[in-house]
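Trainee: predicted model, plus sequence, below.
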Amino acid sequence: MLLTITGLGLGAMYFLVASGLSLIYGLMGVLNFAHGAFITVGAYLAWWFGEQIGGGAGTRLVVGGAFGIAGGALLAALVELSLIRPLYRRPIEQVLVTVGLALALGALVQGIWGADPKPFPVPSWMIDTTTILGANVPNDRFLEIGVAALVLLGLTAFLRYTRFGLVIRAGVENRAMVSALGIDVRRAFTIVFALGGALAALAGVLSGVYFGVVDPTRGTSLLIFAFIVVVIGGFGSIGGSAIAAVAVGLIQQYANYYASSGTGDLAVVLLLAVVLLVRPSGLSPKVAH
Amino acid sequence: MTPALSVGDLHVHLGESHVLQGISFDVPSGGVTALLGRNGVGKTTTLRALMGLVPRSRGAIVLAGDDVTRLPTHAVVRRGVGYVPEDRDVFAGLTVEENLRLAERTPAPRYELVHDLFPELRERAGQRAGTLSGGQQQMVAIARALLNENSLLLVDEPTKGLAPLLVTEVAAALERAAELSTILLVEQNLRVVQRVARDVVVLDAGRVVHAGPAEELLADPDHVRRLLGVHGAATVEEGRPGA
């Protein structure tokens, strides 16, 4: 039970990162290697702002977390407007710019706050455990799973019931045709990028709770698995990302426990290989839903 | 009278290929102007260039006196241009109703007109567009363009791949649409052209080689054969020019 819930908690963070990554690629065709930097910056901003305001761990987590998420969204929007927008239709340059940005932001974070991990504000009730079927499960796992479930529901409702969601779903299929209906699809690009940045920063905050610390490599390590989740789930599919994130989180945990520590990563790569062989376009290809 | 559309010395390069080599023509206000030519002469590229969907190397596009050459696609559309693409390009994962809702640009979209022309779309409102037949998808594509009050419609091969009965239905819809907007129509089915078009512009190898009244061209089988590589108006019942 502990393994399952821990795997789901890990999957929740992968989902938060992957959903933004997936929508950005699905709508805009941009493979955003700087997405990991949004995670790191979001987590550090949350920690830093919490330190500035002081107070209890709960206050610092909530207020600092909100600040970090807003910062992640703003950073992502600025990146889209200033660096990505001039490079639409130039995929190679996009990759170079986003890889360079990831390295630069990582170095910037390390330059400002140092390489040592920073203790993240975690309220004591989250460190406590709840006994389920004989297993003592840390309460923060429920927070991570609950937040990811809410994000999944919210994103699904947003995509299904709002005009803007309709534009995104259509844009994932054929963005030229969306423009040909008189819709300024570039505005959708900026908003999706900002949304992706906010979700990445949220994942950064939750990872701070999960691991108890933030460090400059946090974004990179989560991003690798998020990319795998996106490929397995299908680019542009929120539902596919959710299913793939759960599968990756659980397989990683089970393999690490039942085989040996470290085989979890190998098992995930094997899962990716199987999906690519059997269903190369992923579980739910290129339709945002 | 100001033409609905005026194209001057338009050039388009796609990769290494110089697809449009300085085409110039006017589309008079009202009625249907058919853009004709063999396959691969640049008809679809012309419409895509007018929409801003392919980069234009040189030339001018003037919409009812308003220069739109440098505008992005969505801004061209907002100046009152509707577009029905060659491959329909309906959003397969969206329902019929969502496809239409996405196309709404005005506070009073013309659903009455659209449902009057294509009653089937009302019945299939909740069906995903990707599961529709080719003919039904064409109805969605045309309906999206008719939903708003557009001064100009660019319609690319609306009868391509349709059964004869549906061709008649689409032609009737075009006639009705022509009462409301000017239409620039790319069409290979000369029977449809004969039925709906008032004027024609013929392209060959990226250049305009003929422009004038449709009736005049279609009445001259030799000229039709020379320009389009098919037999003339006497045999248009059989329809479609060759490759």
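Mentor: It's in. This is a predicted model, so every value here is computed, not measured.

Trainee: SS state for the residue most central in space within chain B?
Mentor: By CA atoms, centre = their mean, the mean C-alpha position of chain B lies nearest to residue B:155, the distance being 1.6 Å. Of the three states, residue B:155 takes strand according to DSSP: H, G, I helix; E, B strand; the rest coil.

Trainee: write out the residues of chain A neighbouring chain B.
Mentor: Within chain A, the residues that sit near chain B (CB under 8 Å from any CB of the partner chain) are A:163, A:166-167, A:169-170, A:173-174, A:176-185, A:287-289. No exception for glycine: its C-beta is placed from N, CA and C like everyone else's.

Trainee: ok, of those, which come out buried?
Mentor: Neighbour counting with 16 or more other CB atoms under 10 Å in any protein chain shown marks A:166-167, A:169-170, A:173-174, A:176-183, A:185, A:287-289 as buried within the residues of chain A next to chain B.

Trainee: now do the contacts for the nearest residue to the residue nearest to the centre of chain B once chain neighbours are set aside.
Mentor: The shortest distance from residue B:155 to any non-neighbouring residue, by CB to CB, 6 or more residues apart in numbering or on different chains, is to residue B:84 (4.4 Å). By CB atoms under 8 Å, 6 or more residues apart in numbering or on different chains, residue B:84 lies in contact with B:141-142, B:144-145, B:153-156, B:158.

Trainee: now the element after the host helix or strand of residue A:69, going C-ward?
Mentor: Secondary structure assignment for residue A:69, by DSSP states H and E: helix A:57-79. As assigned by DSSP H and E, the chain's next helix or strand after helix A:57-79 is helix A:91-113.

Trainee: what pairs with the next helix or strand after that next one, parallel or antiparallel?
Mentor: The helix or strand immediately downstream of helix A:91-113 is strand A:118-119, counting by DSSP H and E. Sheet pairing of strand A:118-119 (DSSP bridges) gives strand A:213-214 (antiparallel).

Trainee: pretty sure residue A:17 contacts residue A:220?
Mentor: No: judged on CB atoms under 8 Å, residue A:17 makes no contact with residue A:220 at a distance of 11.2 Å.

Trainee: more neighbours: which of these two?
Mentor: Neighbours were counted for residue A:17 and for residue A:220 using other CB atoms under 10 Å in any protein chain shown; residue A:17 has more, 31 against 16.

Trainee: spatially, what comes nearest to that one if we skip its sequence neighbours?
Mentor: Distances taken as CB to CB, 6+ apart place residue A:226 nearest to residue A:17, at 3.7 Å, with adjacent residues excluded.

Trainee: helix/strand/coil for that neighbour?
Mentor: Three-state call for residue A:226 (three-state DSSP): helix.

Trainee: neighbours of it, just the number please.
Mentor: 30.

Trainee: who touches it in this structure?
Mentor: By CB under 8 Å, 6+ apart, the residues touching residue A:226 are A:14, A:17-18, A:21, A:35.

Trainee: neighbour-wise, which one of those residues leads?
Mentor: Sorting these by how many neighbours each has (other CB under 10 Å) puts residue A:18 first, at 35 neighbours.

Trainee: could I get the pLDDT score of that one?
Mentor: Predicted confidence (pLDDT) for residue A:18: 91.

Trainee: same deal with residue B:225?
Mentor: 88.

Trainee: repeat that for residue A:256.
Mentor: Here the pLDDT value assigned to residue A:256 is 88.

Trainee: doesn't it fall inside a helix?
Mentor: Yes: under three-state DSSP, residue A:256 sits within a helix.

Trainee: from residue B:170, how far off is the residue nearest to residue A:17?
Mentor: Separation of residue A:226 from residue B:170 (CB to CB, to the nearest Å): 46 Å.

Trainee: over to residue A:120?
Mentor: As judged by CB to CB, residue A:120 and residue B:170 stand 63 Å apart.

Trainee: again, but for residue B:180
Mentor: Counting by CB to CB, the separation of residue B:180 from residue B:170 is 16 Å.

Trainee: comparing the two, which residue is more hemmed in?
Mentor: Comparing residue B:180 with residue B:170 by other CB under 10 Å, the one with more neighbours is residue B:170, at 26 against 15.

Trainee: right, and that one touches residue B:142 too?
Mentor: Yes: with contact defined as CB under 8 Å, residue B:170 counts as touching residue B:142 (7.1 Å).

Trainee: can you list residues touching both of those two?
Mentor: Residues within reach of residue B:170 and of residue B:142 at once, by CB under 8 Å, 6+ apart, are residue B:158.

Trainee: before we move on, back to that, for the helix holding residue A:69, what does the pLDDT average out to?
Mentor: 96.

Trainee: what helices or strands is it leaning on?
Mentor: Other elements packing on helix A:57-79 under the criterion 3 or more CB pairs under 8 Å, 6 or more residues apart in numbering or on different chains; DSSP states H and E are helix A:35-53, helix A:185-211.

Trainee: show me which residues of the longest one are buried.
Mentor: I take that to be helix A:185-211. Neighbour-count burial for helix A:185-211 flags A:185-186, A:188-211 (criterion: 16+ other CB under 10 Å).

Trainee: before we move on, back to that, format the helices and strands packed on helix A:57-79 as TSV; extra columns: mean pLDDT.
Mentor: Supplementary listing: the helices and strands packed on helix A:57-79 in TSV, determined by pLDDT from 0 to 100:
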stretch	mean pLDDT
helix A:35-53	95
helix A:185-211	92
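
Trainee: show me what the one helix or strand in chain B whose mean pLDDT sits lowest is packed up against.
Mentor: Of all the helices and strands that make up chain B, helix B:221-228 has the lowest average by mean pLDDT, DSSP states H and E, namely a mean of 87. Applying 3+ CB pairs under 8 Å, 6+ apart, we find helix B:221-228 packed against strand B:197-204, strand B:207-213, helix B:214-218.

Trainee: could you rerun that using 7 Å?
Mentor: Contacts defined by 3 or more CB pairs under 7 Å, 6 or more residues apart in numbering or on different chains; DSSP states H and E place helix B:221-228 against helix B:214-218.

Trainee: any regions of the chain where pLDDT drops low?
Mentor: With no chain named, the answer covers chain A. Along chain A, segments meeting pLDDT under 70 span A:285-289.

Trainee: my bad, the chain I had in mind was chain B
Mentor: Along chain B, segments meeting pLDDT under 70 span B:231-243.

Trainee: give me the contact list for the top helix by length along it.
Mentor: Of all the elements of type helix in chain B, the one with the most residues (DSSP state H) is helix B:164-180. Identification of contacts with helix B:164-180 by CB atoms under 7 Å, 6 or more residues apart in numbering or on different chains yields B:31-32, B:117, B:135, B:138, B:142, B:146, B:153, B:155, B:158-159, B:162, B:183, B:185, B:189, B:192, B:195-196.

Trainee: please apply the same query to stretch B:26-40.
Mentor: Residues outside stretch B:26-40 that contact it (CB under 7 Å, 6+ apart) are B:1, B:3-6, B:43, B:46, B:174, B:178, B:182-187, B:193, B:196-204, B:214, B:228-229, B:241, B:243.

Trainee: could you rerun that using 6 Å?
Mentor: Outside stretch B:26-40, the residues within contact range by CB atoms under 6 Å, 6 or more residues apart in numbering or on different chains are B:3-6, B:43, B:178, B:182-187, B:193, B:196-204, B:229, B:243.

Trainee: can you measure across it, start residue to end residue?
Mentor: Using CA to CA, to the nearest Å, the end-to-end distance of stretch B:26-40 comes out at 21 Å.

Trainee: ditto for stretch B:77-95
Mentor: Start-to-end span of stretch B:77-95 (CA to CA) is 23 Å.

Trainee: buried set for that stretch?
Mentor: Within stretch B:77-95, the residues scored as buried using 16+ other CB under 10 Å are B:77, B:80-86, B:88-95.

Trainee: now do stretch A:68-84
Mentor: Per 16+ other CB under 10 Å, stretch A:68-84 contains these buried residues: A:68-77, A:79-80, A:83-84.

Trainee: buried residues of stretch A:81-100, list them for me.
Mentor: Across stretch A:81-100, burial judged by 16+ other CB under 10 Å covers A:83-84, A:87, A:94, A:97-98.
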